[in-house]
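Visitor: Have a look at this fold, sequence not included:
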């Protein structure tokens with residue numbers, strides 16, 4: 001485990017061209033973000049320039065790290081993070097390397113790199129909490145959250161907004177796709193794969209007032225280098241064969257369009273580490289934007305039980 005002494009650096013909200021700035025204003029309005037963004041503290045951590053958005057409750061409250069889903073970044077989840085903070089937690093959203101406002105080539109990272117960066121974030125903020133640490137990973141962020149908890153004993157609680165494990169493929173198509181990604185990355189690590197070729201973002205956000213604006217956001221990453229995808233989809237989770245000290249739960253929408261609820265049952269039955277399953281009736285994969293009030297309440301209830 002790496003516990004470096006860290007200092008916080010000013011954020012780099014680089015100036016956008018007028019067209020991009022106008023799109024951002026529309027996106028924030030449609031998501032209703034402005035009241036929540038006014039409460040964030042933004043800063044960078046570590047040599048990789050990792051952008052963080054922090055919602056402070058009190059120095060006596062636990063620290064909760066939030067890891068966004070694939071392609072996205074912390075600002076888009078401001079309402080969710082702020083509501084969890086209001087329930088009694090110091091919450092920090094972390095933009096992964098090459099995502100959102102973090103430095104680095106767009107979408108370019110490895111699992112090990114992310115874990116090292118997250119350890120730095122914990123170290124930087126430990127003086128502003130009571131020492132208890134939880135991590136909430138949404139979608140692909142859940143894989144990274146578990147990887148962090150396996151390596152850093154400071155993490156006491158993990159909440160997964162669905163959890164995809166490469167040891168338990170949802171189906172044969174996923175398994176073949178992961179093998180192709182790994183093999184192709186050996187020869188063409190910088191080749192970029194468009195996510196829209198196999199994820200229907202328009203359908204996932206259909207009916208949401210901000211759906212079109214999110215899909216048009218220039219800071220969302222839609223093309224990933226094969227190196228990143230190979231790191232994610234060849235990662236082996238320790239929880240499959242080992243029990244750890246941290247408590248863990250999976251929160252899964254009953255109508256999830258990306259991973260069926262049945263998959264989480266298979267994960268829980270197929271791993272050695274115990275996970276609690278929190279089923280959310282009537283909700284799909286995009287619950288952080290479709291129902292942040294409900295999701296924040298469920299997340300806060302979990303961390304109050306587990307931290």
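Guide: That came through, no problem. What you see is a predicted model, and the numbers here were worked out from it, not measured in a lab.

Visitor: Could you list the low-pLDDT ranges of the stretch 201-307 of the chain?
Guide: Counting by pLDDT under 70, the stretch 201-307 of the chain shows no low-confidence range.

Visitor: Mind jotting down where the strands sit in it?
Guide: 223-225, 247-253, 276-280 (DSSP state E, counting those that start in this stretch).

Visitor: what's the most buried one of the ones you listed?
Guide: Most buried of these by mean neighbour count (mean count of other CB atoms under 10 Å) is strand 247-253; its value is a mean of 23. Heads up, the C-betas are built off the backbone N, CA and C, glycines and all.

Visitor: Quick check: can you name the pairing partners of that strand and their directions?
Guide: Strand pairing for strand 247-253, using DSSP bridges, gives strand 155-161 (parallel), strand 276-280 (parallel).

Visitor: got those strands as JSON lines, with distance to residue 299 columns?
Guide: Shown next, in JSON lines, are those (distance: least, CB to CB, whole Å):
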{"stretch": "strand 155-161", "distance to residue 299": "6"}
{"stretch": "strand 276-280", "distance to residue 299": "9"}
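
Visitor: and residue 19, what pLDDT?
Guide: If you check residue 19, the pLDDT there is 80.

Visitor: Out of the strands paired with strand 247-253, the one nearest residue 246 is which?
Guide: Of all the strands paired with strand 247-253, strand 155-161 sits nearest to residue 246, with 5.4 Å by CB to CB.

Visitor: Helix or strand next in line after the closest one, which one?
Guide: helix 172-187 (DSSP states H and E).

Visitor: picking up where we left off before, any chance of the strands of the stretch 201-307 of the chain in a markdown table with distance to residue 166 as columns?
Guide: Listed next are the strands of the stretch 201-307 of the chain as a markdown table, based on distance: least, CB to CB, whole Å:
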| stretch | distance to residue 166 |
| --- | --- |
| strand 223-225 | 16 |
| strand 247-253 | 16 |
| strand 276-280 | 20 |
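
Visitor: Can you say which of those is nearest to residue 264?
Guide: strand 247-253 (4.5 Å).

Visitor: how many neighbours does the residue nearest to residue 199 when sequence neighbours are not counted have?
Guide: Closest residue to residue 199 in three dimensions, ignoring its sequence neighbours and counting by CB to CB, 6 or more residues apart in numbering: residue 258, at 7.8 Å. The number of residues packed near residue 258 is 18, by other CB atoms under 10 Å.

Visitor: quick one: residue 258 and residue 264 touch, right?
Guide: No. Assessed by CB atoms under 8 Å, residue 258 is found out of contact with residue 264, at 11.7 Å.

Visitor: okay, and the common contacts of those two?
Guide: Each of residue 162 lies in contact with both residue 258 and residue 264 under the rule CB atoms under 8 Å, 6 or more residues apart in numbering.

Visitor: Which one of the strands paired with strand 247-253 lies nearest to residue 84?
Guide: Nearest of the strands paired with strand 247-253 (CB to CB): strand 155-161, 10.0 Å.

Visitor: And stretch 10-26, how far out from the chain middle?
Guide: 22 Å (CA atoms, centre = their mean, to the nearest Å).

Visitor: Pull out the buried positions in it.
Guide: 11, 23, 24 (16 or more other CB atoms under 10 Å).

Visitor: same deal with stretch 85-96?
Guide: Of the residues in stretch 85-96, those buried (16+ other CB under 10 Å) are 85, 87, 88, 89, 90, 91, 92, 93, 94, 95, 96.

Visitor: got a list of what the fourth one touches?
Guide: Under the criterion of CB under 8 Å, 6+ apart, the neighbours of residue 89 are 57, 61, 62, 63, 64, 134, 300, 303.
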